[in-house]
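1. just a sequence and a predicted model for now, questions to come.
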Amino acid sequence: MKYRVIGSDPKTRREVSVLSLGAMLFGTATDEATSYAILDRFVEAGGTFVDTANNYAYWVNGTQGGESEALLGRWRRSRGVTDEVVIATKLGGRPNAPAAGLTHDLEGLSAKVIRESSERSRDRLGVDKLDLLYAHAYLEGSTVPLEETVEAFAGLVEDGTVGLLGASNHWAWRLERARNVAAAAGLPGYEVLQYQHSYLRPRTDLPTLRSEDGNLGVVGGNLLSY
């Protein structure tokens, strides 16, 4: 296994395996025993980086999500895992009501949501501090000021309940704007990006559920350039 360092601040940066294990369907489509076996094998192979989100995977069983985080919390406790495994999670894409399919009615990125959802994620994972927290799935037409979102995420870092900040499924221009807002205020900002990437480059201009302008969750040329 190879490893790399994510983050720039010595107080929050972490060394992680270059391969991250996605836990999206753990606890729903992937049963507990199989999920545990995959996690155990990943760690045996030197893996130290696991990815989840607070909305995984609501669309499988028609819930609001949280099953993946809860399973990872049970696995951590059963195996005695502490901070040797970095768990990244996300907030912002959780549905406001149980949903059997992908929906527009999501929690978003208000200060209230960021504070309350991050606390629920810590409880489910059984940790005092989230290693890496992503702003998940920007909502087109959101009325939440960008400054509110940036300040709320920075507040979690300053409180010591979050280490690194990241973003997933945002347009590149919004990433740059958010980072500029944080830098101008002297606040920690997004340092890690998570997007769908393939060497077989898919089209990104076709309308999607999230945006009529195209797929903001797939890496395109402007994001690679950024």
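-> Thanks, I have the structure now. Please read all numbers here as calculations on a predicted model, not as lab measurements.
2. nearest the middle, which residue of the chain would you pick?
-> Taking C-alpha atoms, centre = their mean, the centroid of the chain lies closest to Lys90, which sits 2.8 Å from it.
3. I'd like the next helix or strand past the strand or helix carrying it.
-> Using DSSP states H and E, Lys90 sits within strand 86-91. The helix or strand immediately downstream of strand 86-91 is helix 111-125, counting by DSSP H and E.
4. got the buried residues for that following helix?
-> 113-115, 117-118, 121-122, 124-125 (16 or more other C-beta atoms under 10 Å). The way it works is simple: take the backbone N, C-alpha and C, and place the C-beta from them, glycine included.
5. ditto for stretch 17-34
-> Going by 16+ other C-beta under 10 Å, stretch 17-34 has these buried residues: 17, 20-21, 23-28, 30.
6. how about stretch 144-158?
-> Within stretch 144-158, the residues scored as buried using 16+ other C-beta under 10 Å are 144, 146, 149-157.
7. same question for stretch 34-52.
-> For stretch 34-52, a neighbour-count test (16+ other C-beta under 10 Å) marks 35-36, 39, 42-43, 47-52 as buried.
8. identify the spatial nearest neighbour of Asn55, chain neighbours not counted.
-> Of all residues not flanking Asn55 in the chain, Gly65 sits nearest, at 3.7 Å (C-beta to C-beta, 6 or more residues apart in numbering).
9. where does that neighbour land on pLDDT?
-> On pLDDT, Gly65 comes in at 97.
10. tally of neighbours for it?
-> Neighbour count for Gly65, taken as other C-beta atoms under 10 Å: 25.
11. would you confirm that it contacts Tyr56?
-> Yes. With contact defined as C-beta atoms under 8 Å, Gly65 counts as touching Tyr56 (5.6 Å).
12. pull the helix or strand of the chain with the lowest mean pLDDT out as CSV, backbone CA atoms only.
-> Every helix and strand of the chain was ranked by mean pLDDT, DSSP states H and E. The lowest is helix 221-225, at a mean of 89. This file holds the C-alpha atoms of helix 221-225, laid out as CSV (Å, rounded to 0.1, in the frame of the first residue of the first chain):
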residue,chain,number,x,y,z
GLY,A,221,-11.5,19.7,-17.7
ASN,A,222,-12.2,22.9,-15.6
LEU,A,223,-12.0,21.0,-12.3
LEU,A,224,-8.8,19.2,-13.4
SER,A,225,-7.3,22.5,-14.3
